[in-house]
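> Coordinates for the following, if possible.
(chains A, B and C)
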Amino acid sequence: MRANREILLGMYQSARSRFGHQGWWPGETPFEVAIGAILTQNTNWANVEKALGRLRKAGALSFEGMRAMDDDALREAIRPAGYFNQKARKLQHLLDWLESRCQGSMELLDNAGTDTLREELLSVRGVGPETADSILLYALGRCTFVVDAYTFRILTRHQMVAEETGYDEMKEVFEDHLPEDVELYKDYHAQIVMVGKKYCRRRRALCEECPFKEFLPAGGVPAEMMQNE
DNA sequence: TGCCAGGCCGGGT
DNA sequence: ACCCGGCATGGC
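A predicted model of the protein is given here:
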């Protein structure tokens, strides 16, 4: 529906003019992006950067480098990112999958369809919907929208979707109405995180000052409007 | 100081 | 099919 598309694009432009193009995801290689996607689960990016720095110093920001690392060393390296016991296991599961799937070379994943690849990623222990979509979009350049806690918070607080809206449904709000443009998807999610950090935290919402607000019809968007084609 | 951060899993209803 | 506790560090 055209109106929805204009609203969503307006929200994006509004945030982008305030924060500038973000150039996400920070990371040199697809592998590094994928590792960062695991490490940033429910975790401040500043802490993730510390962990990535320690991995780099240990020569473990490549598939072979990380495989060569013993378990204790891996856990110690990623400690600053928090949940390090869990995340070390998650990383090992991802490495196991990469090894069996593409000999550790993410470039070889190119010959699979996005939907198939998403299902495969979701089968990896420790990779949920947001992590899978982050890897697909930012590491592999697939056109899939990333939803996170901020996306959920912002859309529900502006009453654009119902409280009980699930991940896939939230994702469709964007994918059904935005042009299929990888660069737009990349920066849109980044802008949502910027807006969320500043205006839509867990306990404190500054909805009146939110850059998205000016593009929403007065009184909010009726739920049906965002969900129907 | 407590609250929060770019989730996900496993066990219990 | 949901609901919830657990997981851990560092910055404000």
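
> Enumerate the residues of chain A near DNA strand C.
Within chain A, the positions near DNA strand C by Cβ under 7 Å from any atom of the strand are A:42-44, A:46-47, A:50, A:79-80, A:82-87, A:166. To be clear about C-beta, it is placed using only N, CA and C from the backbone, and glycine gets the same treatment.

> Residue in chain A with the shortest distance to DNA strand C?
Of all residues in chain A, A:Gly82 sits closest to DNA strand C, at 2.5 Å by Cβ to the nearest atom of the strand.

> Share the number of residues neighbouring A:Glu214, please.
Per other Cβ atoms under 10 Å, the neighbour tally for A:Glu214 reads 9.

> In contact with it, which residues?
A:Glu214 sits next to A:Gly10, A:Ser14 when contact means Cβ atoms under 8 Å, 6 or more residues apart in numbering.

> That one and A:Arg16, how far apart?
13 Å (Cβ to Cβ, to the nearest Å).

> quick one: low-confidence parts of chain A?
Along chain A, segments meeting pLDDT under 70 span A:1-3, A:218-229.

> A:Leu61 versus the residue nearest the centre of it, what's the distance?
With distances taken as Cα atoms, centre = their mean, the residue of chain A nearest its centroid is A:Ser134 (4.0 Å). When distance is defined by Cβ to Cβ, A:Ser134 is 17 Å away from A:Leu61.

> In the helix or strand hosting A:Arg118, which residues are buried?
Assignment of secondary structure by DSSP states H and E places A:Arg118 within helix A:114-122. The neighbour-count check on helix A:114-122 (16 or more other Cβ atoms under 10 Å) flags A:Leu117, A:Arg118, A:Leu121 as buried.

> cool, stretch A:52-65 as well?
Counting neighbours by 16+ other Cβ under 10 Å, stretch A:52-65 gives A:Leu52, A:Arg54, A:Leu55, A:Ala58, A:Ala60, A:Leu61, A:Ser62, A:Phe63 as buried.

> Against A:Ile135, how distant is the closest residue to DNA strand B within chain A?
Nearest to DNA strand B in chain A, going by Cβ to the nearest atom of the strand, is A:Gly128, at a distance of 2.2 Å. As judged by Cβ to Cβ, A:Gly128 and A:Ile135 stand 11 Å apart.

> Which of the residues of chain A next to DNA strand C has the largest number of neighbours?
Most surrounded of the residues of chain A next to DNA strand C: other Cβ under 10 Å gives A:Lys87, at 23 neighbours.
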